[in-house]
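Engineer: generate a structure from the sequence data that follows.
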Amino acid sequence: MKFRPCIDIHAGVVKQIVGSTLTDLKHDAAGPVTNFVSALSAAEYAAMYKRDGLRGGHIIMLGAGEANEAAAQSALATFPLGMQVGGGITADNCRAYLDKGASHVIVTSYVFRNGQIDMDRLARLRDVAGKERLVLDLSCRKKADGRFYIMTDRWQIFTDVFLSETLLVDLAQYCDEYLVHAVDVEGKRCGIQEELVDLLGRWAPIPVTYAGGARSIDDLELVRRIGHNKVDLSIGSALDIFGGDIPYDAVVAWHQKQQQ
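Structural biologist: Numbers count the residues shown, from 1 in each chain. Next up is the predicted model:
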């Protein structure tokens with residue numbers, strides 16, 4: 001198991017946002033709920049992760065725009081092939097990010113349309129990016145029927161696709177890894193969604209990173225145990241480098257011990 005770092009970029013600035021509060025609506029004056037705004041640049045976080053040997057983290061551009069793209073590209077240039085990038089990735093632009101230093105591109109909404117998986121788009125992405133450099137973001141929310149449904153469009157829209165062992169096995173033919181945010185707890189520091197971690201550990205045949213709800217360094221051991229030592233953990237708002245209480249240095253030490 002590994003710790004996977006993150007860099008979330010909004011309006012060109014590194015922030016920690018409650019992802020479910022993002023919206024495309026221009027008249028939404030309230031804006032997203034922001035937990036933390038950093039004085040450090042995306043490139044400075046990338047340099048930190050590079051220094052500490054934390055590979056495989058994700059850079060997420062929260063919204064379109066040149067400022068987000070510039071910040072993401074500066075981070076990729078700082079840690080070449082060390083981080084993945086997502087946010088508005090398509091078959092048309094994925095190669096540009098890979099060529100600028102991304103180890104992988106992360107995709108959700110481009111391949112989920114009208115509630116279903118667009119297999120033509122998914123196949124095209126695999127062919128353009130390469131299976132070994134594609135991550136599918138299967139961020140999800142639980143419905144009353146007990147299933148975890150994949151969310152799209154800034155996590156505002158439910159698809160008709162729910163997580164299952166069959167789905168994870170089938171999609172693994174197209175990508176190298178999965179990234180799964182637990183939308184109901186993401187950014188809230190209210191605890192890991194344990195049922196989801198357990199399912200991912202039992203079902204996913206390829207590497208998978210879980211994000212959402214971490215609030216204590218003990219959550220690293222919790223995810224290692226209930227994820228059957230197969231699920232990596234990303235921690236955002238709860239880390240002290242993002243205004244939280246969990247010491248980043250302690251997380252790095254835990255991670256490095258696991259890799260020995």
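Engineer: and Phe79, what does it touch?
Structural biologist: 46-47, 49-50, 101 (C-beta atoms under 8 Å, 6 or more residues apart in numbering). To be clear about C-beta, it is placed using only N, CA and C from the backbone, and glycine gets the same treatment.
Engineer: which one is Val53 nearest to, not counting chain neighbours?
Structural biologist: For the record, residue 53 is Gly, not Val. Nearest non-adjacent residue to Gly53, counting by C-beta to C-beta, 6 or more residues apart in numbering: Gln256, 7.1 Å away.
Engineer: what about the one you found, neighbour count?
Structural biologist: 13 (other C-beta atoms under 10 Å).
Engineer: what's the answer for the one 3 residues further on, then?
Structural biologist: For Gln259, the tally of surrounding residues (other C-beta under 10 Å) stands at 9.
Engineer: my read: it touches Lys2, true?
Structural biologist: Yes - counting by C-beta atoms under 8 Å, Gln259 does reach Lys2; the two are 7.3 Å apart.
Engineer: can you list contacts of the helix or strand of the chain at the bottom of the mean pLDDT ranking?
Structural biologist: Across the helices and strands of the chain, mean pLDDT, DSSP states H and E gives its lowest value to strand 34-37, namely a mean of 86. In this structure, residues lying in contact with strand 34-37 by C-beta under 8 Å, 6+ apart are 10, 13-18, 187, 237, 242-244.
Engineer: the residue nearest to Gly53 and Val135: what is the separation?
Structural biologist: 23 Å (C-beta to C-beta, to the nearest Å).
Engineer: hang on, the earlier thing: export the contacts of Phe79 to CSV and tack on neighbour count?
Structural biologist: Formatted as CSV, the contacts of Phe79 follow (neighbours: other C-beta atoms under 10 Å):
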residue, neighbour count
Ala46, 26
Ala47, 15
Tyr49, 22
Lys50, 16
Gly101, 20
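Engineer: take those residues and write them to JSON lines, including secondary structure and distance to Arg121.
Structural biologist: Converted to JSON lines, the contacts of Phe79 look like this (DSSP: H, G, I helix; E, B strand; the rest coil; distance: C-beta to C-beta, whole Å):
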{"residue": "Ala46", "secondary structure": "helix", "distance to Arg121": "29"}
{"residue": "Ala47", "secondary structure": "helix", "distance to Arg121": "34"}
{"residue": "Tyr49", "secondary structure": "helix", "distance to Arg121": "31"}
{"residue": "Lys50", "secondary structure": "helix", "distance to Arg121": "32"}
{"residue": "Gly101", "secondary structure": "coil", "distance to Arg121": "24"}
